[in-house]
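# Just to be clear, the model below is a prediction. Sequence and coordinates:
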Amino acid sequence: MNGVHDMGGMDGFGEVEVEPNEPVFHHRWESRVMAMVRAFGANGGVNIDMQRFSRESIPPATYLAASYYQKWFLGLERTLLERNLVGQDEIAAGHSLRQGAPLPRGTFSLNDVARVTTRGSFQREVATQPVFKPGDRVRARNINPATHTRLPRYVRGHVGIVERINGSHVFPDSAAHGKGENPQWLYTVVFSGRDLWGDDADPSVKVSVDAFEPYLERA
Amino acid sequence: MAAHDHNEHGHDHSHGSELSDLELRVRALDTILTEKGYVDPAALDAIVETYGTRIGPRNGARVVAKAWVDPSFRQALLDDASKAIATLGHVSRVGDHLIAVENTPQRHNMVVCTLCSCYPWEMLGLPPVWYKASPYRSRAVKDPRGVLAEFGVALPKDTEIRVWDSTAETRFLVLPMRPAGTEDWSEERLAEIVTRDCMIGTGLPKARP
């Protein structure tokens, strides 16, 4: 979706503010949100792409005003409500009012912790050969789905060079919407800063994205 | 900004008085999830404990220091970082799809996630607020030199700046250049100067006297 989350190249957000000696969490609630999101990712059938789409779907004004873990919380709440895992009445009451639905992998327990604190694998075998090879000129397609995609707006329509093939991976555009993993070849594609930002741009800049094969066409 | 205010209303100016309300909502959801049997609260505590104390930039720093002193490890890291790091027993298990990108006198690498906050958690821990915030996400791909200047990093004009936007499940670890003056340093001592920002590409390691 062409959401406000897709902010590469936007102006007006000001300088980067670095907090010296930043703690891992600023408030206890942030750590609880992080843990709840991870737990539902592991046992609740809410994959990473669904989680991302739920956060991208936060209304733009709220998204921009919210802190990071606030966005995570809003996305989690939305997901739980959509899946009827939690009711609006229960959120208002602050307590469970009925029995929980069974989670795909059951209660998230201590035995599941190691699984979520180690990164999963998103690589999947596919029967096809990659269409592109390193050195190929490719154009990022001008796609504008209202659904989840990982092709940022700032590269769409621009020509870049395939630099590496990263294997075939779960396709977020499908997985975010419960349409299966639909694995696709994944490439690192490099663009020159001037192609992206015009002739006034710094000639020493190159930017790469990791793009799935359906995002690309031969140029 | 530097001094952390323990008052729940104090820290994040972007949402001020809503914070205590938010905290109550989080607490309520936490209670509901436990009462429904979706989560064991001790398991949530264990996740927090892991990211709070066991997984952090020290993991990445050890990998970088090892690459600086061991040319065959360096090559293995650049060839397949996930595989190379898996051979180091003392670093936490790393997941798939980690790519190490090497800084050279000709090229400086810098990592961003413009769409969300993708970051090599196993190597660097949880990302800092600035990495996840709009200023860095919006500008890193358009004006990386300007962003680097805000970190106090100035590079020669003809050094290529390569920005890696983490748009898929691949993750990037910057292998910085070993600073001059560290030739006789031990691996352990080298690891101490490899900061989180060096491995994101917004900092450079410095040999302190």
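Thanks, I have the structure now. Bear in mind that the values here come from a model prediction, so they are computed numbers and not experimental data.

# So out of everything in chain A, what residue is nearest chain B?
Here chain A gets closest to chain B at one residue, residue A:119, 2.1 Å apart by CB to the nearest CB. Every residue, glycine included, has its C-beta placed from N, CA and C.

# My guess is that residue contacts residue B:121. True?
Yes: Residue A:119 lies in contact with residue B:121 (CB atoms under 8 Å); the separation is 6.9 Å.

# Quick one, grab the pLDDT at the residue most central in space within chain A.
The residue lying closest to the centre of chain A (CA atoms, centre = their mean) is residue A:52, at 4.4 Å. On pLDDT, residue A:52 comes in at 95.

# same deal with residue B:96?
pLDDT for residue B:96: 73.

# any bit of the helix or strand where the residue nearest to the centre of chain A lies sitting next to chain B?
Under the criterion of DSSP states H and E, residue A:52 resides in helix A:48-56. Yes: shown here: helix A:48-56 in contact with chain B (CB under 8 Å from any CB of the partner chain) through A:48, A:52, A:55.

# Could you count how many residues lie near the residue nearest to residue B:57 when sequence neighbours are not counted?
Leaving out its chain neighbours, the residue that sits closest to residue B:57 by CB to CB, 6 or more residues apart in numbering or on different chains is residue B:196, at 4.0 Å. Neighbours of residue B:196 under the rule other CB atoms under 10 Å in any protein chain shown: 20.

# Next: the one 4 residues further on.
For residue B:200, the tally of surrounding residues (other CB under 10 Å) stands at 27.

# residue contacts, it?
B:110, B:111, B:124, B:131, B:174 (CB atoms under 8 Å, 6 or more residues apart in numbering or on different chains).

# Return the closest of those with respect to residue B:148.
residue B:110 (7.2 Å; CB to CB).

# Can you classify the closest one by secondary structure?
Under DSSP: H, G, I helix; E, B strand; the rest coil, the three-state class of residue B:110 is strand.

# Quick check: pLDDT value at it.
98.

# wait, it sits on residue B:163?
Yes: under the criterion of CB under 8 Å, residue B:110 makes contact with residue B:163 at 5.1 Å.

# what residues are shared contacts of the two?
B:140, B:144.

# excluding its backbone neighbours, what's nearest residue B:119?
Nearest one to residue B:119, counting by CB to CB, 6+ apart, is residue B:127 at 4.1 Å.

# Show me the chain divided up by domain.
Since no chain was named, I'll use chain A. Residue ranges for the domains of chain A, per automatic domain parsing: A:28-116, A:137-218.

# Please refer instead to chain B.
With domains defined by automatic domain parsing, chain B comprises B:18-53, B:56-200.

# Let me know whether the strand or helix carrying residue B:138 sits next to chain A.
In the assignment (DSSP H and E), residue B:138 maps to helix B:134-139. Yes: Helix B:134-139 reaches chain A (CB under 8 Å from any CB) through B:134, B:135, B:136, B:137, B:138, B:139.

# List the buried residues for the helix holding residue A:52?
Within helix A:48-56, the residues scored as buried using 16 or more other CB atoms under 10 Å in any protein chain shown are A:48, A:49, A:50, A:51, A:52, A:53, A:54, A:55, A:56.

# and the next element down the chain from that helix?
Downstream of helix A:48-56, the next assigned helix or strand under DSSP H and E is helix A:60-65.

# which element is residue 115 on?
In the absence of a named chain, this looks at chain A. Element membership for residue A:115 (DSSP H and E) is helix A:113-116.

# what residues does that helix touch?
A:38, A:39, A:41, A:42, B:43, B:46, B:47, B:50.

# Repeat that for stretch A:92-110.
Contact with stretch A:92-110 is made by A:39-40, A:42-45, A:83-85, A:87, A:89-90, A:112, B:24, B:27-28, B:31-32, B:35-40, B:42-44, B:46, as judged by CB under 8 Å, 6+ apart.

# From residue B:71, how far out is the residue nearest to the spatial centre of chain B?
Nearest to the mean C-alpha position of chain B, by CA atoms, centre = their mean, lies residue B:124 at 3.9 Å. Residue B:124 sits 24 Å away from residue B:71, going by CB to CB, to the nearest Å.

# And residue A:54, by the same measure?
45 Å.

# Only C-alpha atoms, please: export the helix or strand of chain A with the lowest mean pLDDT in CSV.
Of all helical and strand segments in chain A, the minimum by mean pLDDT, DSSP states H and E falls on helix A:113-116, at a mean of 88. Provided in CSV are the C-alpha atoms of helix A:113-116 (Å, rounded to 0.1, in the frame of the first residue of the first chain):
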residue,chain,number,x,y,z
VAL,A,113,11.2,-18.7,23.7
ALA,A,114,14.3,-20.0,22.0
ARG,A,115,12.4,-20.3,18.8
VAL,A,116,11.4,-16.6,18.7
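
# Name the residues of that helix that are buried.
A:113, A:116.

# Name the next helix or strand downstream of it, please.
strand A:137-140.

# C-terminal to that next one, what's the next element?
strand A:159-169.

# Which elements pack onto that following strand?
Counting contacts by 3 or more CB pairs under 8 Å, 6 or more residues apart in numbering or on different chains; DSSP states H and E, strand A:159-169 packs against strand A:137-140, strand A:184-192, strand A:205-212.

# Any chance of those in TSV with mean neighbour count and distance to chain B as columns?
Formatted as TSV, those follow (neighbours: other CB atoms under 10 Å in any protein chain shown; distance: least, CB to the nearest CB, whole Å):
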stretch	mean neighbour count	distance to chain B
strand A:137-140	18	11
strand A:184-192	23	5
strand A:205-212	26	4
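
# Just send the ones you listed back as JSON lines, with distance to residue B:151 too.
Conversion of those to JSON lines gives the following (distance: least, CB to CB, whole Å):
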{"stretch": "strand A:137-140", "distance to residue B:151": "29"}
{"stretch": "strand A:184-192", "distance to residue B:151": "23"}
{"stretch": "strand A:205-212", "distance to residue B:151": "16"}
